[in-house]
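J.: Okay, structure incoming, though there's no sequence with it:
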């Protein structure tokens, strides 16, 4: 079935290294997205019309533009328009952070507005200061809502970074293609085995993360 | 930006647009069908099948469309199962989308309060009648926002079809950039055509969501 | 009698809608005042003004001579002295019952933890919920949650306790257990202002009943006169909505 190719030489290690590159780009993008997303999400609840209009436009762009298109715009477009030569890695970090920040901001905004007014009022009625209300009552509740959703964002980010092969980064799919190419003569069925293994690898990475997100969501639902 | 270039590229992009749209919507129709059937299996807890469907949903929700496409388009022929790029695109999109749609329909079904079943039974309805005329319509309307979000997601995902050499919008843009280096014009048209494809769905989604909320809560 | 709370000429409106108009009310120490009235008459807004949860445009609320004003710095000090229990859902869902109760005494009053814990446990025992102290709010019934909310307000040792329709969201069989707790408090000479729709309870607990309608005080008197010989037409009409007869 072509799976034997995987265990030839360093092929499995090469595949895993390829996956590592996709993971590295996802993790950096997620980290940037979470920080910027929290800031933007908070800005969105402040009811400043001008800020809101800009942020809504930003969210709508991200909502309807495929990440692939964004990747092309940044990777090819920016180079052409400004003459700055972005590396494929930099371009993908920019695009995935741009996308992830919008997603995260929307999650933060949703969590913030989902806290009922009575939670603020009963804290005030107990004499808690605004600062104490946030620290002890509001933020812990928001974090409980956000952590599962942010973990979910990680899996989506990992899945989306599979696109980076399209702008020439050698990640797991590209390594897979190279392995298939190199073994075309000896293992004609390699395409099946290699892609099945990559399929499984993605599942083994994202499956447990999704499961963790679901578990936390269940545990913390009120 | 050169308007002349843009004008000369429009037919190429339009052709690619209709190809993307066709495969995209066939895939979405397939996704809705697979999703609904899967949701029924889960809702009625059909033995054996439930386990299989759960595994399918897990597998396809946790892997990128790109690998799904590669597996179907390059992997399966290696063991003798060849399909055309177009069919592969629609099938892969249908399988990916089905796993998302299944979750949306299932939570819609589960969100219909049990009292609805009971009151329909109290009216003497048969189980089948009850499911079709009481539970299902409510479940579908509850699922609408999630379904629209899925459709937008799937239409965006069509952008990876170029990886299996389908002459879609991405492919056309990439091709023209590579051949003539008209990067700005190609990217501009790429964006415009994706806006044409997705903006109406996005608006329809917001509209439906508001309308639904009105019919459910009168607010 | 020593007065603890004084409301002078209080008016309140939201946009064009006048919710309270020229309310004057004095509450003595240890007195239980029950406020009744039709939905939307301004009862809840009145309680919220007393606690400084609503801004006050006209008139004054004085606690022991000090003005309650949400925009000034002393509002937190005043709120510590006024306890409030809401209709529902006001427990903090991410904290255990004990943590819910101990939060304010520890963080606001900065009291000693061991002492607060001891008092919290005593109060929980008093409302029959000792076994629930390590549970989360979602694991409790509505009636149990409201009893916890009362304890949470009580532990601050407030001078005035406000109850805003605390049984309105409860199943009928749970109303009793909550009202019993409040009756128990009345027997300890606590000063309380209670907004409720439970007329039998109002009659039993009140030192004074106040009927609020369309934002004004229509009638106030002791419970026996109020329920048995209401003076105004409005009060008679209001009370008749609680009576049933076969036509």
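T.: Here it is on my side, so go on. Quick caveat: nothing in here was measured; it's all calculated off a predicted structure.

J.: Tell me if I am right that residue C:23 is in a strand.
T.: Yes. Using DSSP: H, G, I helix; E, B strand; the rest coil, the assignment for residue C:23 is a strand.

J.: Give the bridge partners for it, please.
T.: residue C:10 (DSSP bridges).

J.: ok, and the closest non-adjacent residue to the residue nearest to the spatial centre of chain C?
T.: Nearest residue to the geometric centre of chain C (C-alpha atoms, centre = their mean): residue C:163, 1.6 Å. Leaving aside its sequence neighbours, residue C:163 sits nearest to residue C:194 (C-beta to C-beta, 6 or more residues apart in numbering or on different chains; 4.4 Å). C-beta coordinates here come from the backbone N, C-alpha and C atoms, glycine included.

J.: who's in contact with the one you found?
T.: Residues in contact with residue C:194, defined by C-beta atoms under 8 Å, 6 or more residues apart in numbering or on different chains, are C:32-35, C:162-163, C:182, C:202, C:205-206.

J.: Distance of it relative to chain B?
T.: To chain B, residue C:194 is 31 Å away according to C-beta to the nearest C-beta, to the nearest Å.

J.: wait, is that residue part of a strand?
T.: Yes. The assignment for residue C:194 by three-state DSSP puts it in a strand.

J.: if you skip the residues just before and after it, what's nearest to the residue nearest to the spatial centre of chain A?
T.: In chain A, the centroid-proximal residue (C-alpha atoms, centre = their mean) is residue A:157; its distance is 2.5 Å. Among residues not flanking residue A:157 along the chain, residue A:26 sits closest, at 4.3 Å (C-beta to C-beta, 6+ apart).

J.: List of residues touching the helix or strand of chain A with the lowest mean pLDDT?
T.: Of all helical and strand segments in chain A, the minimum by mean pLDDT, DSSP states H and E falls on helix A:78-82, at a mean of 81. For helix A:78-82, contacts defined as C-beta under 8 Å, 6+ apart pick out A:84-86, A:91, B:183-184.

J.: That one: what's the following helix or strand?
T.: Later in the chain than helix A:78-82, the nearest helix or strand by DSSP states H and E is helix A:88-114.

J.: ok now that next one, how far from the chain's centre?
T.: 8 Å (C-alpha atoms, centre = their mean, to the nearest Å).

J.: List the buried residues for that helix?
T.: Residues of helix A:88-114 classed as buried: A:88, A:91-112 (neighbour count, 16 or more other C-beta atoms under 10 Å in any protein chain shown).

J.: Of those residues, which are in range of chain C?
T.: Counting by C-beta under 8 Å from any C-beta of the partner chain, nothing from these sits close to chain C.

J.: Look up how far chain C lies from the residue nearest to residue A:44 when sequence neighbours are not counted.
T.: Nearest residue to residue A:44 in three dimensions, chain neighbours excluded: residue A:109, at 4.5 Å (C-beta to C-beta, 6+ apart). According to C-beta to the nearest C-beta, residue A:109 and chain C sit 20 Å apart.

J.: what sits against residue A:109?
T.: Contacts of residue A:109 were listed using C-beta under 8 Å, 6+ apart, and they are A:41, A:44-45.

J.: Strands along chain C, start to end?
T.: For chain C, the strands defined by DSSP state E cover C:3-14, C:17-28, C:32-36, C:58-63, C:66-67, C:82-85, C:160-164, C:191-195, C:208-213, C:216-221.

J.: okay, now residue 202: neighbour count?
T.: All of this refers to chain A. Neighbours of residue A:202 under the rule other C-beta atoms under 10 Å in any protein chain shown: 25.

J.: try chain B instead
T.: Residue B:202 has 18 neighbours, counted by other C-beta under 10 Å.
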